[in-house]
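Asks: Pasting the sequence and the predicted coordinates here, then a few questions.
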Number of protein chains: 2
Amino acid sequence: MSRPVIEFWYEFASTYSYPAAMRIEALAAEAGVDVDWRPLLLGPLFNEQQGLTDSPFNAFPVKGQYMWRDMERVCEAEHVPFERPSQFPRNGLLAARIAVAGLAERWTPQFSRLVYQANFVHDQDIASAEVLTPLVAEAGGNAEAALAAASSDSVKAQLKDHVTQAKARGVFGAPSFITADGELFWGNDRLEQALDWALHHHKTREFA
Amino acid sequence: MSRPVIEFWYEFASTYSYPAAMRIEALAAEAGVDVDWRPLLLGPLFNEQQGLTDSPFNAFPVKGQYMWRDMERVCEAEHVPFERPSQFPRNGLLAARIAVAGLAERWTPQFSRLVYQANFVHDQDIASAEVLTPLVAEAGGNAEAALAAASSDSVKAQLKDHVTQAKARGVFGAPSFITADGELFWGNDRLEQALDWALHHHKTREFA
């Protein structure tokens, strides 16, 4: 019997994607669910779906004010360190391309967690190759090869395809979780519910 | 020792306010927290804060599509009946004014639950006095007096004041919960967390 799987759609600039990225592997392992890491870019979705040219947390300050306070509470409750970065949002394009490049060699999850920590704990500019290069090595990848791959047409096309797929499946924010039967769950606080769904509906299909 | 209290800010057109309204009294009683029901109108907030002239779930269809599916899941999990209404959003102005009028006589919570059921179970037009009148009586109020009060300057001013208060305290959506120390929690799925906060920080203050 195959294991259930959940797609984890995340954007490196997204605040709530950070605690989700730190939590998902342990919770999924406990539930017996595999995680399919899917880096994406929210900018094109925000622009096309909502006409935004900036994060909604900047475009609508009252939402941003709430989010920063809520992130403090969420991260404290989850025992995830958090420092509000001096720049928001940071450009996650290069990090997302590197994350795509690492999927085949399976260092993407650890690399992604390190990028989130760089942004939301250490206040580093994750748009910078200098910041990202050591994180690839720390995650177990070959930094030189990863940077080269990140600028290749195939990796660029694969990341674009992630955005296209996400849009086609109804994603409008991050983190988002999609189960094998197509159920979409939005938000770090829906991670547990999404895992429950993946588990329950997988069993139903297997024995149907 | 006084009991902790939580403010419950809700709008009758708001989908996620419905399960919150149905759940809050039992959960609050269990936690030993009192509930201060605060009807408000989201339209002025959406317009002023986000430039919207319609529900964000209509303005951004991809968000609406998610919300309607999510509401089905949420209500099923909470054992709250739910039918997607044929009109959305319905104008909650009259219902909100009646709810304000009922605060002193304490029939507002039950009236509010009945209005939500009219909208989100029975697909009735809650903008209509004909729909609302029997609900006042069912909640234990005097329908004629309530309708008269709802069109009085004092009740109109009180509802406007609710909107002004909500805005001043950072509310941008519903349901929202605010504890006595000013912590804001947004969303039906944050009700439990808000009650925990109200309880914990109340004790801290009492013994400080």
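Replies: That came through fine. Numbering: from 1, shown residues only, chains lettered A, B, ... in the order given.
Asks: quick one: contacts for A:Pro39?
Replies: A:Tyr10, A:Glu11, A:Phe12, A:Ala95, A:Ala96, A:Ala99, A:Val100, A:Thr108, A:Ser112, A:Leu159, A:His162 (Cβ atoms under 8 Å, 6 or more residues apart in numbering or on different chains). Backbone N, C-alpha and C define where each C-beta goes, glycine included.
Asks: List buried residues within those.
Replies: Among the contacts of A:Pro39, those scoring as buried are A:Tyr10, A:Glu11, A:Phe12, A:Ala95, A:Ala96, A:Ala99, A:Val100, A:Thr108, A:Ser112, A:Leu159, A:His162 (criterion: 16 or more other Cβ atoms under 10 Å in any protein chain shown).
Asks: Return the closest of the residues you listed with respect to chain B.
Replies: Nearest to chain B, judged by Cβ to the nearest Cβ, of these is A:Glu11 at 15.8 Å.
Asks: quick check, stretch A:10-21 touching chain B?
Replies: No: against chain B, stretch A:10-21 shows no contacts by Cβ under 8 Å from any Cβ of the partner chain, the least distance being 12.5 Å.
Asks: Can you show me the helices along chain A?
Replies: A:17-31, A:43-50, A:56-59, A:61-77, A:93-101, A:108-120, A:129-139, A:143-150, A:153-168, A:191-207 (DSSP state H).
Asks: Including mean pLDDT, could the ones you listed go into JSON lines?
Replies: Compiled in JSON lines, the helices of chain A are given as follows (pLDDT from 0 to 100):
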{"stretch": "helix A:17-31", "mean pLDDT": "98"}
{"stretch": "helix A:43-50", "mean pLDDT": "96"}
{"stretch": "helix A:56-59", "mean pLDDT": "95"}
{"stretch": "helix A:61-77", "mean pLDDT": "97"}
{"stretch": "helix A:93-101", "mean pLDDT": "98"}
{"stretch": "helix A:108-120", "mean pLDDT": "98"}
{"stretch": "helix A:129-139", "mean pLDDT": "98"}
{"stretch": "helix A:143-150", "mean pLDDT": "98"}
{"stretch": "helix A:153-168", "mean pLDDT": "98"}
{"stretch": "helix A:191-207", "mean pLDDT": "83"}
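Asks: Pick the most deeply packed of these.
Replies: Across the helices of chain A, the average number of neighbours (mean count of other Cβ atoms under 10 Å in any protein chain shown) peaks for helix A:93-101, which reaches a mean of 25.
Asks: Packing partners of that one?
Replies: strand A:34-39, helix A:108-120, helix A:129-139, helix A:143-150, helix A:153-168 (3 or more Cβ pairs under 8 Å, 6 or more residues apart in numbering or on different chains; DSSP states H and E).
Asks: Figure out which of the ones you listed is closest to B:Lys167.
Replies: The closest of the helices and strands packed on helix A:93-101 to B:Lys167 is helix A:108-120. By Cβ to Cβ, the value is 29.2 Å.
Asks: Next, the angle helix A:61-77 makes with that closest one.
Replies: 120 degrees (axes from the mean of the first three to the mean of the last three Cα atoms, to 10 degrees).
Asks: So which other helices or strands are in contact with helix A:108-120?
Replies: helix A:17-31, strand A:34-39, helix A:93-101, helix A:129-139.
Asks: what does stretch A:181-192 rub up against?
Replies: Contacts of stretch A:181-192 (Cβ under 8 Å, 6+ apart): A:16-17, A:19-20, A:23-24, A:27, A:74, A:169-173, A:175-179, A:193-194, A:197, A:201, A:205, B:66, B:69-70, B:189-190.
Asks: for stretch A:128-140, same thing?
Replies: Contacts of stretch A:128-140 (Cβ under 8 Å, 6+ apart): A:94-95, A:98, A:102, A:105, A:107-108, A:110-111, A:114-115, A:118, A:124-126, A:142-143, A:146-147.
Asks: how about the residues of chain A near chain B?
Replies: A:49-50, A:60, A:62-63, A:65-66, A:69-70, A:73, A:170, A:172, A:183-184, A:186, A:189-190, A:193.
Asks: do you know how far A:Glu78 is from A:Trp107?
Replies: Per Cβ to Cβ, to the nearest Å, A:Glu78 is found 24 Å from A:Trp107.
Asks: Then A:Met71?
Replies: 27 Å.
Asks: hang on, the earlier thing: what's the closest of the helices of chain A to B:Ser86?
Replies: Per Cβ to Cβ, nearest to B:Ser86 of these: helix A:43-50, 25.0 Å.
Asks: any idea how far the closest one is from the chain center?
Replies: Centroid displacement of helix A:43-50 relative to its chain, using Cα atoms, centre = their mean, to the nearest Å, is 17 Å.
Asks: Run the angle between it and helix A:93-101 for me.
Replies: Using the same axes, to 10 degrees, helix A:43-50 lies at 110 degrees relative to helix A:93-101.
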